[in-house]
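Undergrad: Below are the sequence and a predicted model for it; my questions follow.
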Amino acid sequence: MKEHKLIVILLIILFNTSYAGEQPVYSSFFTDEACRVDFYLIGGYDTQSIEIVQVQKIDLWGGSKTIMIDPLNYGNYRVLVYDLRSGKLIYQRGFSTLFEEWQETKRAKDTLKAYEETILFPFPKFAINVLIQSRKRDNSFETLIEYNINPQDDKITSSQNELLYKYVLKNGEPHKKVDIVFLPDGYTEELKSKYLKDVRIHVKKLLRNSPYRKNKKDFNVIAIETWSKNTGTDFPQFLHFEDTRFDCSFNTFGSERYLMTESYWKVMDAACVVPFDQVVILVNSNEYGGGGIYNHYATFTSDHKMSDYVLSHEFGHSFAGLADEYVENIPYEEKIFLDVEPWQPNITTLQNFKEKWANMVEITTPIPTSSDIFGKEILGAYEGAGYLAKGVYRPLFNCSMRAAIRNRFCPVCTQAIREMILLNTY
Ligand SMILES: [Zn+2]
C-alpha cells in the first residue's frame with residue numbers, strides 16, 4: 001500500500017505538475033500514421049556519425065498520443081522532433097543501441113563499423129526538424145545530426161510489408177496499451193503451431209509474475225508469422241550457422257550467451273506490420289541466452305528451463321531501461337563513470353542518490369548498506385552493480401536483474417517497470 005501511494009504521488013509530480021501543461025496536443029501536429037527513419041550509426045571506439053538512408057510512412061502509430069515528451073530521459077541516445085514553423089519541441093524519446101556496445105569492444109579500437117538503426121515517431125502534418133543526439137560522459141547530449149522532413153516530400157516511401165499476424169492478447173487500442181510484437185527466428189513454416197504455442201506460454205508466464213501481474217490489462221501482444229529457412233540459430237564459436245529470418249546469433253561480441261542480431265532493418269520491416277511499442281525476438285532453441293537493449297529489442301530462447309526468467313530479465317532492459325545489477329566480466333566496457341550518476345533507474349554511483357531511490361529508503365538504513373549487518377531484505381544501496389564490483393550500488397541484495405531468480409524484481413525495478421507501463425498507457 002505504501003509503495004502504491006508513492007507511485008501515485010510520483011506520477012502526479014511527473015506528469016501533472018511538470019509535464020501535463022507542456023505536452024503538445026497530438027492532433028495539432030501528427031496524423032495517425034508513423035514516420036520511420038532508417039540510418040547507419042558509423043564509427044569506432046571514440047568516433048560516431050550518422051548517415052540517413054530512408055524515410056518511410058508506416059500505416060499506424062502505436063505509441064502514446066498523450067505523453068509526447070518523454071519525462072524519464074533514459075537511454076544513451078534520444079530523438080527530438082521540432083515543429084519547423086513554431087520551433088516547438090513536439091516529440092522526444094530515449095533509446096540505446098547495439099552500436100554503443102560495439103564501440104566499447106577491443107576490435108572497435110582499430111576498426112570502423114556501421115550499424116543499422118531506426119527511429120519511429122508519429123507522422124508529422126507539417127515540416128519538422130529531427131535531431132538525433134548521443135549522451136556524453138557528463139550526461140548532457142550532443143547532436144549527431146539535424147534532418148528536416150517535409151511530409152509532402154515524394155522521396156518518402158510507403159511501407160510495402162505485408163505479413164500475417166495474430167493477436168495473442170488484446171486488451172484495447174494501441175495508444176493506451178503496451179503493444180509487444182513477437183518475431184519468430186529459427187522457426188520454419190512447419191513449426192507455426194509450435195511458435196504460437198511458445199509465444200502464448202511465455203507471455204502467460206511473463207504476465208503472471210510481479211510487477212506485471214497487476215497490469216495484465218495494460219498489454220497487447222501480437223505474434224508476427226514469418227518463417228526461417230532453417231531451424232535453430234547461429235553459434236559462431238562452434239562454426240555452426242543457420243539461415244534464419246532475423247539472423248540472430250549467440251556469441252555476440254564474443255560473449256557466449258549473448259544472443260543478438262545486427263539485421264535491425266529486417267526486424268523493423270516485420271515489426272512495423274502492426275502498431276507496436278516493444279519488439280521481442282523469440283529464438284527457437286533450447287540453449288540458455290538472450291539480450292535486451294532499451295527501446296531497441298529483446299531476445300530469448302524458446303525451450304530452456306530458464307527461458308521464462310530470461311524473457312523477464314531482458315524485457316527489463318528493453319522495456320524499462322533497467323541495468324544489470326550483477327558484477328561480471330563482459331566483452332565490452334559499460335559506459336558507467338563513477339563520478340556521474342548513471343541514467344539507469346536501478347543503479348547508483350551515489351553522486352545524486354536523491355534522484356534515484358533515496359526517498360524509498362528507511363531513514364535508519366545507512367547508505368551504503370552492508371549485507372553483513374543489515375541482511376539481504378532491507379532496501380538500501382549495496383555495493384556491486386552494472387558489472388563493477390566497486391563504486392556502483394544496487395537497491396537490494398538480490399533482484400531478477402542481478403541473479404537468475406524468477407519473480408524477484410526489487411522494489412526499485414518494480415517501480416521503474418510500473419512507471420514505464422503508465423508512461424505507455426497514460
Ligand atoms: Zn532491481
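TA: Structure's in. What do you need?
Undergrad: Look up how far residue 322 lies from the residue of the stretch 101-250 of the chain at minimum distance from the ion.
TA: Here the stretch 101-250 of the chain gets closest to the ion at one residue, residue 211, 11.1 Å apart by CB to the ion. Quick note: C-beta positions are derived from backbone N, CA and C, even for glycine. Between residue 211 and residue 322 the computed distance is 12 Å (CB to CB, to the nearest Å).
Undergrad: quick one, which of these two is more surrounded?
TA: Set residue 211 next to residue 322 and count neighbours by other CB atoms under 10 Å: residue 322 wins out with 29 against 17.
Undergrad: Can you pull the phi and psi angles for the residue nearest to the residue of the stretch 101-250 of the chain closest to the ion when sequence neighbours are not counted?
TA: Closest residue in space to residue 211, ignoring its immediate chain neighbours: residue 414 at 4.5 Å, by CB to CB, 6 or more residues apart in numbering. Here is the backbone geometry of residue 414 (degrees, to the nearest 10): phi -60, psi -50.
Undergrad: which neighbours do residue 211 and residue 322 share?
TA: Shared contacts of residue 211 and residue 322 (CB atoms under 8 Å, 6 or more residues apart in numbering): residue 417.
Undergrad: Now do the same for the closest residue to the ion within the stretch 251-400 of the chain: helix, strand or coil?
TA: Proximity of the stretch 251-400 of the chain to the ion (CB to the ion) peaks at residue 399, 3.2 Å away. Classification of residue 399 using DSSP: H, G, I helix; E, B strand; the rest coil returns coil.
Undergrad: Leaving aside the residues adjacent along the chain, what's closest to it?
TA: Here the residue nearest residue 399, using CB to CB, 6+ apart, is residue 410, at 3.9 Å.
Undergrad: which residues touch the one you found?
TA: 325, 346, 379, 394-396, 398-399, 401.
Undergrad: do that again at 7 Å, thanks
TA: Residue 410 makes contact with 395-396, 399, according to CB atoms under 7 Å, 6 or more residues apart in numbering.
Undergrad: Specify the next element, helix or strand, located C-terminal of the helix or strand containing residue 123.
TA: Here residue 123 sits within strand 113-124, counting by DSSP states H and E. As assigned by DSSP H and E, the chain's next helix or strand after strand 113-124 is strand 128-135.
Undergrad: C-terminal to that next one, what's the next element?
TA: Next element after strand 128-135 (DSSP H and E): strand 141-149.
Undergrad: just checking, what packs against the next helix or strand after that following strand?
TA: The C-terminal neighbour of strand 141-149 among helices and strands, as given by DSSP H and E, is strand 157-158. For strand 157-158, the packing partners by 3 or more CB pairs under 7 Å, 6 or more residues apart in numbering; DSSP states H and E come out as strand 47-58.
Undergrad: what are the pairing partners of the strand it packs on, and which direction each?
TA: Neighbouring strands of strand 47-58 in its sheet, by DSSP bridges, are strand 30-44 (antiparallel), strand 157-158 (parallel).
Undergrad: contacting residues around the last one?
TA: Contacts to strand 157-158, defined as CB under 7 Å, 6+ apart, come from residues 54, 56-57.
Undergrad: What subset of these is buried?
TA: residue 56 (16 or more other CB atoms under 10 Å).
Undergrad: Which of the contacts of residue 410 has the largest number of neighbours?
TA: residue 395 (30 neighbours).
Undergrad: Could you measure from that one over to residue 358?
TA: From residue 395 to residue 358 the distance is 11 Å (CB to CB).
Undergrad: do the same with residue 98
TA: 33 Å.
Undergrad: Check residue 421 too.
TA: For residue 421, the distance to residue 358 - CB to CB - is 23 Å.
Undergrad: what about the strands in the stretch 251-400 of the chain?
TA: In the stretch 251-400 of the chain, the strands defined using DSSP state E, counting those that start in this stretch lie at 278-283, 290-293, 297-301, 382-385, 388-394.
Undergrad: Adding distance to the ion as columns, could you present those strands in TSV?
TA: Below are the strands of the stretch 251-400 of the chain laid out as TSV (distance: least, CB to the ion, whole Å):
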stretch	distance to the ion
strand 278-283	19
strand 290-293	14
strand 297-301	17
strand 382-385	9
strand 388-394	6
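Undergrad: for the closest residue to residue 287 other than its chain neighbours, what are its contacts?
TA: Leaving aside its sequence neighbours, residue 287 sits nearest to residue 301 (CB to CB, 6+ apart; 5.8 Å). Neighbouring residues of residue 301 by CB under 7 Å, 6+ apart: 283, 285-287, 289-290, 307.
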